[in-house]
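S.K.: Kindly generate the corresponding structure for this input.
(2 chains)
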Number of protein chains: 2
Amino acid sequence: MTLALDPVLAKIDADLDAATARLLDLLRIQSISTDPAYKDQCDAAANWLVDDLATIGFDASKRPTPGHPMVMAHTGDSGAHVLFYGHYDVQPVDPLDLWDNDPFDPQVEDTAKGKVIRGRGSSDDKGQLMTFVEACRAWKAVHGTLPGKISIFFEGEEESGSPSLVPFMKDNAEELTADVALICDTGLYGDSTPAIITQLRGLLGEEITITGPKLDLHSGMYGGLAMNPARVLAKVIASLHDENGAVTVPDFYDGVPELSNELAASWDDLKFDEKEFLGEVGLSIPAGEKGRRPLEMIWSRPTCEVNGMTSGYTGDGFKTVLPSKASAKISFRLVGTQDPHKIREAFRKMVTDMIPADCQVEFHAHGASAAGQMSTENPAFAKAANALSDEWPNAAAYVGCGGSIPIAGHFKRVLDMDAMLIGFGKDDDAIHSPNEKYDLSSFHKGIRSWARILHALSKD
Amino acid sequence: MTLALDPVLAKIDADLDAATARLLDLLRIQSISTDPAYKDQCDAAANWLVDDLATIGFDASKRPTPGHPMVMAHTGDSGAHVLFYGHYDVQPVDPLDLWDNDPFDPQVEDTAKGKVIRGRGSSDDKGQLMTFVEACRAWKAVHGTLPGKISIFFEGEEESGSPSLVPFMKDNAEELTADVALICDTGLYGDSTPAIITQLRGLLGEEITITGPKLDLHSGMYGGLAMNPARVLAKVIASLHDENGAVTVPDFYDGVPELSNELAASWDDLKFDEKEFLGEVGLSIPAGEKGRRPLEMIWSRPTCEVNGMTSGYTGDGFKTVLPSKASAKISFRLVGTQDPHKIREAFRKMVTDMIPADCQVEFHAHGASAAGQMSTENPAFAKAANALSDEWPNAAAYVGCGGSIPIAGHFKRVLDMDAMLIGFGKDDDAIHSPNEKYDLSSFHKGIRSWARILHALSKD
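M.R.: Residues are numbered from 1 along each chain as shown, chains lettered A, B, ... in the order given. Sure, this is the predicted structure:
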């Protein structure tokens, strides 16, 4: 027996102001996870969610971890079982002076492009996770029950590298395992195309520090005779790509799949405008591997990128110093079955072989996660895609994601669950930046989208 | 009629403690020229020197400039005319916490290698300039007069780029012109070989900033598609040298003379131990142009050096940012008749040609001075060399200097005067660093050296 969808959508529309007020309430809680000074606020956010989910009829509880608590909630006992994930912690706010208003005094604001909800966490991730919670509330209010079995799993450390996440998932595997995971922490494709992310790039971080002389030297007294580690570093970095833009680390492309014709065709249908995309940030020319589509460059090709570089005197003016050290932070985005640990080894060997005999190099590992590939054969994908297409002006698209969202990989590896990443954010939400916002239309249509998806998933 | 030298040397020996006390007095004056807070102290140092020179019978006066005052002093009216230059201003002291004692509470200190005078300016340049003043004092005390015509010229802005110097020299050219200039701001060769510097490298400074995207980007969202200026900068820097260590800027080596056989032989006689020299700073392998002697690499070959480099996130930890900008501070040491302005143009053109179409590069000039070449044919050189050889364990050597001392070039260009750079500093004096010192033996034998040199120059 399938419960009717339309009254739920009507209820959502009628209840939007109240739903918005509830979101503003959650946004006022300063749940910054990276800073121990806000530990109590993180706890308060977890409490708020437990209490709110209980009012919707969830069996909800707060679960302690070595860090910030998890929120677990369950309802229903039969039918398709979904597990919804989100995070209640938010990014720090600096630089505070660049915010137009208090980041934790959220407002509904009029802008040229429509109303927005302004405040830290409005898009990443509280506004997004509340789209699902409000969809559940509407279902419960109209029908007295929710469609299918629904579990909810919120963490409070996503902005801090989720140290408690995987251990908790392992310890509570049975409770967490469902038929499919739903993650709401991503965006639309463009302004009006709903998207299900089917592949995410992995991430490997490395920091290298090259030391030449044991202290900074006077460049008159030693210049020309002493090895300069800044020059060595420049040579290393310049060697990481060939003239076609390919990464030169040995065996780097092992495990990188070619784009299937089908996926290539569907991505071409998206009519990605790289000149417009790059133009927004003052660029115009795709800089990736020769012969690749722009969307391949950000979704399905691996990269090697310099995130930071420093050596010697970098203040105002000039100092004729021959630096002792030069260092760089380098990250690789990974795809397919590229093995981050093998790549780290190959990179370190390649760099070490390039270091002159009397310089030293140190490496510091900054994390490693493999790429995520969803199998769209799980029937949930087609159902969710159709539901989204009903809500939005354009049909839903399967897209890639340039970034890395580790939870998707954790669901697969720890719980053997497929994950659908569906979100309603916009490119200009300014997540991680000052003046973060979430479009009211994203919030409203996001709630309606989940209502539709839950309906679709509960049907055979 | 030549005045006897030996009684002057004896007087110097007898008077050493008093001379040291006078130097400590001058060292107490906090004449830091870069910081306007110490303007009065600079003025006080100038006054101290004027007063002291007057007691030796100089016609001494303080001369105003737009910045710190000059000290001019004259004595004698016939015979060989020498102009002695030094600077009474000193480097700032930070980081103060690395000094073992108050930098402006100078002390005579016992060390494993003998007594030292410890304090800011002890070596650079007050201890050194007082070796000449004390030599004059001893001559006057013994003979009631000084040998020959002696002019003294002290500035107070050498550590601040000497903005008032050249205009002052031009405005007072007639008063300043002598037969030869003497500069005491350099060191011995090794521990016991007196040195006359006959060539100095010039200096050209450039700062380049490459801009890619107009703001820092998320490296997941844009990585692989957007041009990374850090990579562009690395490629530029890596291109500045070829595989033989030669600088690749077009026409860079125009005006670079080959080392004469004579000079090469005399430098070989110095038996420079590059492994020991480099070993002191943790290196071992000469890194300059293939096939060149180590001393050529620091004295007579031009260089291109990276003094600083920065891009993106350089703090603790990791940020997956694709930086907007990357910049480097680069300096060239010049030799022979290399033209710094032509080299700056050629460098800028070379770099600009390497910048991808949608990146920008900005250049910022940080000074330019040509190399200095002394003509040792001036008879003063041989006389001074012989005098030094009489004082020190080893015979005097004509040496090069890796660094740039602009005053020597100014004397030649503005006043058409040869300059002899003779000094008694040691490599471990820690000039510009915490815990600066000047060996008491350098002070003592330095005074005796100038007494001998003045004697030699006054003879035909």
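
S.K.: how much space between the residue of the stretch 51-200 of chain A found nearest chain B and residue A:403?
M.R.: Across the stretch 51-200 of chain A, the shortest distance to chain B (C-beta to the nearest C-beta) belongs to residue A:200, at 8.6 Å. Backbone N, C-alpha and C define where each C-beta goes, glycine included. Remark: distance between residue A:200 and residue A:403 (C-beta to C-beta, to the nearest Å) = 7 Å.

S.K.: try residue A:94
M.R.: 22 Å.

S.K.: more neighbours, those two?
M.R.: Neighbours per residue (other C-beta atoms under 10 Å in any protein chain shown) separate residue A:94 from residue A:403, with residue A:403 holding more: 18 against 10.

S.K.: surely the more buried one meets residue B:222?
M.R.: No. Residue A:403 lies out of contact with residue B:222 (C-beta atoms under 8 Å); the separation is 9.7 Å.

S.K.: residues touching the residue of chain A most remote from its centre, list them.
M.R.: For chain A, the largest distance from the centre (C-alpha atoms, centre = their mean) belongs to residue A:221, which lies 49.8 Å off. Residues near residue A:221 by C-beta atoms under 8 Å, 6 or more residues apart in numbering or on different chains: B:298, B:402-403.

S.K.: Just the closest of those residues to chain A, please.
M.R.: Once C-beta to the nearest C-beta is applied, the member of these that ends up nearest chain A is residue B:403, at 2.6 Å.

S.K.: That closest one - that's part of a strand, no?
M.R.: No. Counting by DSSP: H, G, I helix; E, B strand; the rest coil, residue B:403 falls outside a strand, being coil.

S.K.: now it, nearest residue through space, not along the chain?
M.R.: Using C-beta to C-beta, 6 or more residues apart in numbering or on different chains and skipping residues adjacent in sequence, the residue nearest residue B:403 is residue A:220, 2.6 Å away.

S.K.: Could you tell me how many residues sit around that neighbour?
M.R.: Neighbourhood size, residue A:220 [other C-beta under 10 Å]: 22.

S.K.: And the helices in the stretch 251-400 of chain A, which stretches?
M.R.: Secondary structure of the stretch 251-400 of chain A (DSSP state H, counting those that start in this stretch): helices located at A:261-269, A:274-279, A:294-299, A:340-354, A:379-391.

S.K.: got JSON lines for these, with distance to chain B and mean pLDDT too?
M.R.: Below are the helices of the stretch 251-400 of chain A laid out as JSON lines (distance: least, C-beta to the nearest C-beta, whole Å; pLDDT from 0 to 100):
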{"stretch": "helix A:261-269", "distance to chain B": "14", "mean pLDDT": "91"}
{"stretch": "helix A:274-279", "distance to chain B": "6", "mean pLDDT": "92"}
{"stretch": "helix A:294-299", "distance to chain B": "4", "mean pLDDT": "95"}
{"stretch": "helix A:340-354", "distance to chain B": "11", "mean pLDDT": "97"}
{"stretch": "helix A:379-391", "distance to chain B": "22", "mean pLDDT": "96"}
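
S.K.: who wins for proximity to residue B:357 among these?
M.R.: Of all the helices of the stretch 251-400 of chain A, it is helix A:274-279 that lies closest to residue B:357, at 12.0 Å by C-beta to C-beta.

S.K.: For the stretch 1-150 of chain A, give the residue positioned nearest to chain B.
M.R.: residue A:34 (10.3 Å).

S.K.: Three-state assignment for that residue, please.
M.R.: Criterion first, three-state DSSP; result for residue A:34: coil.

S.K.: Point me to the residue of the stretch 351-460 of chain A nearest chain B.
M.R.: residue A:403 (2.6 Å).

S.K.: what sits against the residue most central in space within chain A?
M.R.: Residue closest to the mean C-alpha point of chain A, counted by C-alpha atoms, centre = their mean, is residue A:405 at 4.3 Å. Residue A:405 sits next to A:183, A:185-186, A:197, A:200, A:372, A:421 when contact means C-beta under 8 Å, 6+ apart.

S.K.: Just put the residues you listed in CSV and tack on secondary structure.
M.R.: CSV is the format used below for the contacts of residue A:405 (three-state DSSP):
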residue, secondary structure
A:183, strand
A:185, coil
A:186, coil
A:197, strand
A:200, strand
A:372, strand
A:421, strand
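
S.K.: Confidence-wise, which of these comes last?
M.R.: Least confident of the contacts of residue A:405 in the model: residue A:372, at 87.

S.K.: Distance check, the nearest residue to that residue once chain neighbours are set aside against residue A:407.
M.R.: Once flanking residues are discounted, residue A:372 sits nearest to residue A:200: 4.0 Å by C-beta to C-beta, 6+ apart. Using C-beta to C-beta, we find residue A:200 at a distance of 10 Å from residue A:407.

S.K.: In terms of neighbours, single out the busier of these two.
M.R.: Neighbours were counted for residue A:200 and for residue A:407 using other C-beta under 10 Å; residue A:200 has more, 30 against 24.

S.K.: So that one sits against residue A:401, correct?
M.R.: Yes. Look at residue A:200 against residue A:401 with C-beta under 8 Å: they come within range, at 4.7 Å.
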